[in-house]
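just a sequence and a predicted model for now, questions to come.
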Amino acid sequence: MHGTWIPAPDRSDPIALLEGQATGRIPELVPLRYGRMAASPFAFFRGAALPMASDLSLTPVSGLTVQACGDAHLSNFGLFASPERNLLFDINDFDETLPGPWEWDLKRLATSLVVAGRELGFAPTVNAHAVRASVHSYRHRMAEFAGMSALEVFYARVDVDAITEFVNKRARPFLDSTVRSSSKHDSLHELPKLTEVGPDGKRRIRDRPPVLVHRPEMTDQALRIGLADYRASLLVDRRVLFDRYESVDLALKVVGVGSVGLATIVVLLDEGADVDPVFMQVKEAQASVLERFHGPSPYSTSGERVVSGQRLLQAAGDVLLGWAVGPGGRHFYLRQLQDQKGSAVIEAMTQADLVAWGRLCGWALARGHARSGDPVAIAAYLGDDNAVDHALADFATAYADQNEQDHGALVRAIESGRIAATMDA
């Protein structure tokens, strides 16, 4: 029952759904979001979590609920440093997280592999193999977690040493390159890229319109209000750490595809003497796309929803992860901008890389779902044969076709003038 996708005659217009999301976003950035989504079917897929959630709401589910990522495509997994400074592989985007069906996350991951594989020019058989390998990895790991105690599942990690043993030799150079890249991504590395020293000798964030700009409404007073609320969301030891820093500058930064138009602010903090910089990302959080179909979040703010979901799904979180309500009642969550984070460079993937990355994503997704759901029940539902692997490969292929049609509809809407779009410079 999971292997088919046939759109309903009264299927919601995906372009109308995207237009509805523009409400509450920064108006002048909305055309940039459409422009980025129009660039390719994969770029469209990255920004189309709501249309896919709408479609998945009409598909069968097992009734087993987990803390769902809500946007589990292959670019939303990657490497980051744990508080112990070990590199881990895990989910790294939680903007849409909410309790929901595990199948929705797995189907979005599966489809992303086909959409990416097509963009890379891989044969349909290769893309289907990547999906089957990813679903098999999810199913195999879920069976392992079903045999563990709750504490063993909680402490489970997907670390670099385990990944190196897991990935075959053909995909290892890609992984090694991602590890090397992530190890360089920290605040000291970002300092000369994001900042400059002015004539007054003070360091400030460098404007790079339209993706990084100072805005007049982002005042020191507004920042202080937001950071005071954020501080209250931290554990006591994190508050002591945070109190060692002072804010130096802040600017609006455009990130991602689906998030374009939401307020994302980069804040430069320093302990003093320009020697211990920390870049914080203050990202606006709105209602999850899943809330339309699974009810409202139990949390009072969307920022707390994101942070709580991240803590449930991730093996180890950013020590400075927290949330706040800013001026105007906007909801935000805060984390370090760069803490040895590394994501897949999709365009550099070989066929072996796509398969290996898909298997790693399946592993990490199963671990996150097992922490918040019932691994025994999910493993029993999945079974010990490959029927689900093949079914989701069929679904992913069919839904990738739908995604291409929806991408074409967006391009036509731009060409007709229904939607205004701007492209990155």
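Thanks, I have the structure now.

every contact and neighbour count from this point should use C-alpha atoms.
Noted.

in this protein, which residue is most central in space?
With distances taken as CA atoms, centre = their mean, the residue of the chain nearest its centroid is residue 93 (2.4 Å).

quick check: it vs residue 75, distance?
Residue 93 sits 9 Å away from residue 75, taking CA to CA, to the nearest Å as the criterion.

return the residues in contact with the residue nearest to the centre of the chain.
Applying CA atoms under 8 Å, 6 or more residues apart in numbering, one finds that residue 93 lies in contact with 69, 71, 76, 77.

name the member of those with the most neighbours.
Of all the contacts of residue 93, the most densely surrounded is residue 69 (31 neighbours; neighbours counted as other CA atoms under 10 Å).

quick check: phi and psi at that one.
When read as degrees, to the nearest 10, the backbone of residue 69 gives phi -70, psi -40.

same question, residue 67
With angles defined as degrees, to the nearest 10, residue 67 shows backbone torsions of phi -80, psi 100.

in this protein, what residue spans correspond to strands?
Taking DSSP state E as the criterion, the chain contains strands spanning 65-68, 77-81, 87-91, 98-101, 195-197, 203-205, 212-213, 246-253, 264-270, 277-284, 322-325, 331-336, 342-343.

which helix runs longest in this structure?
helix 387-416 (DSSP state H).

which parts of that helix are buried?
388-404, 406-411, 414 (16 or more other CA atoms under 10 Å).

cool, and stretch 250-269?
Within stretch 250-269, the residues scored as buried using 16+ other CA under 10 Å are 250-255, 257-269.

just how off-centre is that stretch within its chain?
For stretch 250-269, the gap between its own C-alpha mean and the chain's C-alpha mean amounts to 14 Å (CA atoms, centre = their mean, to the nearest Å).

report the helix or strand with the lowest average pLDDT across this protein.
When the helices and strands of the chain are scored by mean pLDDT, DSSP states H and E, helix 172-184 comes last with a mean of 61.

sorry, back to before: what does the pLDDT read for the residue nearest to the centre of the chain?
Note for residue 93: predicted pLDDT of 93.

number the chain from 2, please
Yes, from this point I'll number from 2; that puts the last item at residue 94.

state the distance from it to residue 314.
Distance of residue 94 to residue 314, given as CA to CA: 10 Å.

shared neighbours of these two, anything?
residue 70.

where does the chain have low pLDDT?
When the per-residue scores of the chain are filtered using pLDDT under 70, the ranges that remain are 83-86, 165-173, 175-191, 219-222, 274-276, 339-343, 426.

could you list the domains of it?
The record assigns the chain these domain ranges, following automatic domain parsing: 15-184+347-417, 188-337.

most neighbours per residue, which of these?
Here the criterion is mean neighbour count by mean count of other CA atoms under 10 Å, and of these the winner is domain 15-184+347-417, at a mean of 20.

end-to-end on stretch 369-385?
Stretch 369-385 has its terminal residues 20 Å apart, counting by CA to CA.
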